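S.K.: Output the structure for:
(one chain, ligands or ions: 1)
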Amino acid sequence: MPSNPAVEITGLVKRYDGREIVRSLDLTAHHGQVTAVLGPNGAGKTTTIECCEGLRLPDAGTVRVLGLDPVADSHELRPRVGVMLQDGGLPTSVRALEMLRHVSAMYAEPWDVDDLVERLGLASFATTTVRRLSGGQRQRLALAAALVGRPELVFLDEPSAGMDPQSRHAVWELVRALRDQGVSIVLTTHLMDEAEELADRVVIVDHGQVIAEGAPAELVTGSGGGLTFATTAGLETLSLASALGAGVRETAPGSYAVSGAVTPATLVSLTRWCADRSHLLTRVSTGRRTLEDVFLDLTGRSLR
Ligand SMILES: Nc1ncnc2c1ncn2[C@@H]1O[C@H](COP(=O)(O)OP(=O)(O)OP(=O)(O)O)[C@@H](O)[C@H]1O
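M.R.: As a prediction, the model looks like this:
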């Protein structure tokens, strides 16, 4: 595996009409990993990715893709990098399969087109012109076109936007298969479950800067609100606390909060203690937050 990262962005600045959209952004995507870039609308994700694809020129900073400059070395990078743009970027007057075969013919060792057709369920609209495809069908075709050259690195801008659940799962399977083959993938998404399902690393961008990054599990760890539960009011909290080895407080009649770390053993002790005394637990929450909770806490709840 090469020693340099698949993508290395340092101090990237991009302005439109004098407005700084990307503000000294640093981002690293490692080889053989799925890196998911999350952020509210207008955060600068697409602009950043387009700088990596050589479609936009940075105003400052450096971008290295497979160790190369996306603009100066575009000729060398083109066969090694797959790109799926947010708007598809496909020619509209050709038939879907015809287009895919045409793209495949440009590569020395392309992916077997029939295999891609099967994996992404393209057969049902193979002879439809691109213009007439539905949004989700167009996305699947754009993904196939991005992958048909067997790239080492793939940029996917909102790959499953507008797709039905079946298509989304097919895309997820394909992304996992690519990662298993050692392909590096950088994707943007608004779907937190997509990021949690696929990403080795999540990078959250807001106002043109990285505000958090890490494995999905790391980002949600440590941000839990602790164990809470509901059952009969007036429990003997001292007895329960000694069974759990943790503090227990009745926060409202019949509602309780346990202080300290929550382990699987804590839950077993709690349910056993209640069962032995015929108290039915009507609610138990370990307080574990989702990636969406973390995202909203970091980026706020107001609309962009
Ligand atoms: N060519 C351009 N000229 C002027 N402004 C632009 C241009 N391209 C993007 N912008 C602006 O830059 C900002 C960032 O856009 P960008 O597409 O990078 O955001 P994003 O994070 O990908 O958003 P989304 O989640 O909505 O796709 C937006 O305010 C957008 O209007």
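S.K.: domain parsing for this protein?
M.R.: 7-220, 227-285 (automatic domain parsing).
S.K.: Look at the shortest one and report the distance between its end residues.
M.R.: Its start and end residues considered, domain 227-285 measures 6 Å (C-alpha to C-alpha, to the nearest Å).
S.K.: need the residues of the protein near the ligand, please.
M.R.: 16, 17, 21, 39, 41, 42, 43, 44, 45, 46, 47 (C-beta under 6 Å from any ligand atom). In this view, the C-beta of every residue, glycine as well, is placed from N, C-alpha and C.
S.K.: What pLDDT does the model give the third one?
M.R.: The predicted local confidence for residue 21 comes out at a pLDDT of 96.
S.K.: Then it would be within a helix, right?
M.R.: No. Using DSSP: H, G, I helix; E, B strand; the rest coil, the assignment for residue 21 is strand, not a helix.
S.K.: Tell me the buried residues in stretch 3-16?
M.R.: Neighbour-count burial for stretch 3-16 flags 5, 6, 7, 8, 9, 12, 13, 14 (criterion: 16 or more other C-beta atoms under 10 Å).
S.K.: correction: stretch 219-239
M.R.: Buried residues in stretch 219-239 (16+ other C-beta under 10 Å): 219, 220, 227, 228, 229, 230, 231, 235.
S.K.: Among the residues of the chain next to the ligand, which are located in strands?
M.R.: 16, 21 (DSSP state E).
S.K.: which of the residues of the chain next to the ligand count as buried?
M.R.: Of the residues of the chain next to the ligand, these count as buried by 16+ other C-beta under 10 Å: 21, 39, 43, 44, 45, 46, 47.
S.K.: I'd assumed residue 208 was in contact with the second one.
M.R.: No. Counting by C-beta atoms under 8 Å, residue 39 sits too far from residue 208 to count as a contact (9.2 Å).
S.K.: Report all helices and strands that the longest helix along the chain contacts.
M.R.: Assignment by DSSP state H gives helix 165-180 as the longest helix of the chain. Other helices and strands packing on helix 165-180, by 3 or more C-beta pairs under 8 Å, 6 or more residues apart in numbering; DSSP states H and E, are helix 113-119, helix 135-147, strand 184-188, helix 192-198.
S.K.: and of those, who's closest to residue 158?
M.R.: When those are compared by C-beta to C-beta, strand 184-188 sits nearest residue 158, at 5.6 Å.
S.K.: mind exporting stretch 261-280 as CSV, just the C-alpha atoms?
M.R.: Provided in CSV are the C-alpha atoms of stretch 261-280 (Å, rounded to 0.1, in the frame of the first residue of the first chain):
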residue,chain,number,x,y,z
ALA,A,261,-20.7,3.8,33.0
VAL,A,262,-23.3,1.5,31.5
THR,A,263,-22.1,-2.0,30.8
PRO,A,264,-24.0,-5.1,29.6
ALA,A,265,-23.7,-6.3,33.2
THR,A,266,-25.4,-3.2,34.5
LEU,A,267,-28.5,-4.0,32.4
VAL,A,268,-28.6,-7.6,33.6
SER,A,269,-28.4,-6.5,37.2
LEU,A,270,-31.1,-3.9,36.7
THR,A,271,-33.5,-6.3,35.0
ARG,A,272,-32.8,-9.1,37.6
TRP,A,273,-33.3,-6.7,40.6
CYS,A,274,-36.6,-5.5,39.2
ALA,A,275,-37.8,-9.0,38.2
ASP,A,276,-37.0,-10.3,41.7
ARG,A,277,-39.3,-7.6,43.1
SER,A,278,-42.0,-7.9,40.4
HIS,A,279,-41.4,-4.4,39.0
LEU,A,280,-42.0,-4.2,35.3
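S.K.: And that stretch, what's buried?
M.R.: Quick answer for stretch 261-280 (16+ other C-beta under 10 Å): 262, 266, 267, 269, 270, 273, 274, 279.
S.K.: what distance separates that stretch from the centre of its chain?
M.R.: Distance of stretch 261-280 from its chain centroid, counting by C-alpha atoms, centre = their mean, to the nearest Å, is 35 Å.
S.K.: And the average pLDDT for that stretch is what?
M.R.: Mean predicted confidence for stretch 261-280 is 93.
S.K.: Check what contacts that stretch and list those residues.
M.R.: Outside of stretch 261-280, the residues within contact range by C-beta atoms under 8 Å, 6 or more residues apart in numbering are 224, 226-227, 229, 231-232, 235, 239-240, 243-246, 258, 281, 284, 286-287.
S.K.: now residue 11, nearest residue through space, not along the chain?
M.R.: Closest residue in space to residue 11, ignoring its immediate chain neighbours: residue 61 at 3.7 Å, by C-beta to C-beta, 6 or more residues apart in numbering.
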